[in-house]
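Undergrad: missing the sequence, but the structure's below:
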Ligand code: PNS
């Protein structure tokens, strides 16, 4: 095993959910070092700033020792180059995720032929879970406590009061 192997789990994480944490925990067992790389997704409007998302992710993954949380702007392939990584982790929940993920994985490999994307499946209790659903439930005053890590729950509750 290459002890310097870095796996990068990129995403917008707006906000992090228990499904994301489940994927990170699974990746942390397989890879010696996992970098959670948070960025702006240009096709989405984000509720939380990049700094807030980084902070929530740091607090939510502090129980895992081989995880680093970082942020980047621009292309993922350029970020991978910068940190010396070539493995991308993505979570795959259902068939509906597949087309977008397949397109992204192959586009990243077109941009840099060394890039390998590894798909991990979350625990089945998270297959229906998404950040956008969590936000909708929170905005409509539903109970989302079981869906997100505690720091995210507190942050979203505060957001609701604004
Ligand atoms: O959590 P998301 O929003 O589904 O993550 C998508 C993300 C951030 C991984 C993707 O949009 C991305 O890699 N953005 C960085 C810019 C980039 O490299 N775009 C080309 C991807 S083929």
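TA: Thanks, I have the structure now. No experiment lies behind these values; they were computed from the predicted model shown. Residues are numbered from 1 along each chain as shown.

Undergrad: so residue 27 makes contact with residue 34?
TA: Yes - taking C-beta atoms under 8 Å as the definition, residue 27 is a contact partner of residue 34 at 4.8 Å. (Glycine included, C-beta is placed from N, CA and C.)

Undergrad: any shared contact partners between the two?
TA: Listed contacts common to residue 27 and residue 34 are 7, 9, 89; contacts here mean C-beta atoms under 8 Å, 6 or more residues apart in numbering.

Undergrad: would you turn those into TSV with secondary structure?
TA: What follows is the shared contacts of residue 27 and residue 34, written out as TSV (DSSP: H, G, I helix; E, B strand; the rest coil):
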residue	secondary structure
7	strand
9	strand
89	strand
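
Undergrad: Most neighbours among those, which one?
TA: Ranked by the number of neighbours (other C-beta atoms under 10 Å), those place residue 9 first, at 26 neighbours.

Undergrad: who's in contact with the helix or strand harbouring residue 34?
TA: Assigned by DSSP states H and E, residue 34 belongs to strand 33-38. If you take C-beta under 8 Å, 6+ apart as the criterion, strand 33-38 is touched by 4-13, 24, 27-28, 50, 53-54, 57, 61, 66-72, 76, 79, 83, 85, 89.

Undergrad: now stretch 52-60
TA: 12-16, 21, 36, 38, 46, 48, 69-71, 149-152, 155.
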